[in-house]
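K.L.:
I'll drop the sequence and a predicted model, then ask my questions.
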Amino acid sequence: MKLKHIAAAFTLLSLPAFGANIVVTSKLGPINTHSIVDNAGNAVDGGYAAFGLLDVAGLGVPSTGQDIADALTVFDGGFGVIDSQFGGSFSISGGGNTNLGDGTNQFSGEAIYLVLGNGADLPNSSQAAIVDLQSVFGDSEPANATINLRWDQVDPGQLLWGEFGVHTGNRDNPALTLVPIPEPSSSLLFGLAGLALLIRRKR
């Protein structure tokens, strides 16, 4: 009997701990939902939202959606769709598989960033926004947190990419506006134009 109890206790101890449950959402109900809109002010439908670690220094000024994707390490399946059900909103959460208290993960104690795009994923997005959520991943369990986003309460310094505005379908609804990601060809044209001006001035 004692051996059975010892075996049962050992089994319980060897089971994996429940991981962190972190939710990031702009859905605060039909009235308080704060929209994600494109640069024309229309609600984003079928866009992409994700949160995790971001290599801000390595990102610099992105020239493609792939640049942003490469700089982002998504937290435990923390990505999903921006839809137009409530004027371009989202609700995403981790899968509960990452134990922030086990000391073996890369997230503990690091800043949480939110990335939004107008495509089905970041590489296919031509417009984007990046927000410093001014929160950090905990380093102990349980780590349950819900980050409710209200654009009228976000400091402009938290917005690394994007703009603040309103949803054109509801002028009283504050919105986060996705802005175009400069294409490499556009950046090259700007560089060539600058070079041409320099050559002209030297003459």
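P.N.:
Here it is on my side, so go on.
K.L.:
Torsion angles phi and psi at the nearest residue to Thr25 once chain neighbours are set aside?
P.N.:
Of all residues not flanking Thr25 in the chain, Ser91 sits nearest, at 3.8 Å (Cβ to Cβ, 6 or more residues apart in numbering). For the C-beta atoms, the positions are set from N, CA and C on the backbone; glycine is no exception. When read as degrees, to the nearest 10, the backbone of Ser91 gives phi -150, psi 110.
K.L.:
From Gly47, how far out is Ser91?
P.N.:
According to Cβ to Cβ, to the nearest Å, Ser91 stands 13 Å off from Gly47.
K.L.:
for Ser140, same thing?
P.N.:
According to Cβ to Cβ, Ser140 stands 33 Å off from Gly47.
K.L.:
Asn97 now?
P.N.:
According to Cβ to Cβ, Asn97 stands 25 Å off from Gly47.
K.L.:
Give me the more crowded residue out of the two.
P.N.:
Each of Asn97 and Gly47 has its neighbours counted (other Cβ atoms under 10 Å); Gly47 has more, 27 against 11.
K.L.:
Other residues contacting the host helix or strand of Leu116?
P.N.:
In this structure, Leu116 sits in strand 111-117 according to DSSP states H and E. Residues outside strand 111-117 that contact it (Cβ atoms under 8 Å, 6 or more residues apart in numbering) are 22, 24, 36, 44, 47-54, 56, 65, 68, 72, 75, 82, 90, 122, 124-125, 127-137, 147, 149, 160, 162, 176, 178.
K.L.:
That one pairs with which strands, and in what direction?
P.N.:
Strand pairing for strand 111-117, using DSSP bridges, gives strand 47-54 (antiparallel), strand 127-136 (antiparallel).
K.L.:
what's next to the first one, contact-wise?
P.N.:
The contact list for strand 47-54 (Cβ under 8 Å, 6+ apart) reads 22, 24, 36, 71-75, 78-82, 88, 90, 92, 106-107, 110-122, 125, 130, 133, 178.
K.L.:
now these: which count as buried?
P.N.:
Burial by neighbour count, judged by 16 or more other Cβ atoms under 10 Å, picks out 22, 24, 36, 71-72, 74-75, 78-80, 82, 88, 90, 92, 107, 110, 112-119, 122, 125, 130, 178 from those.
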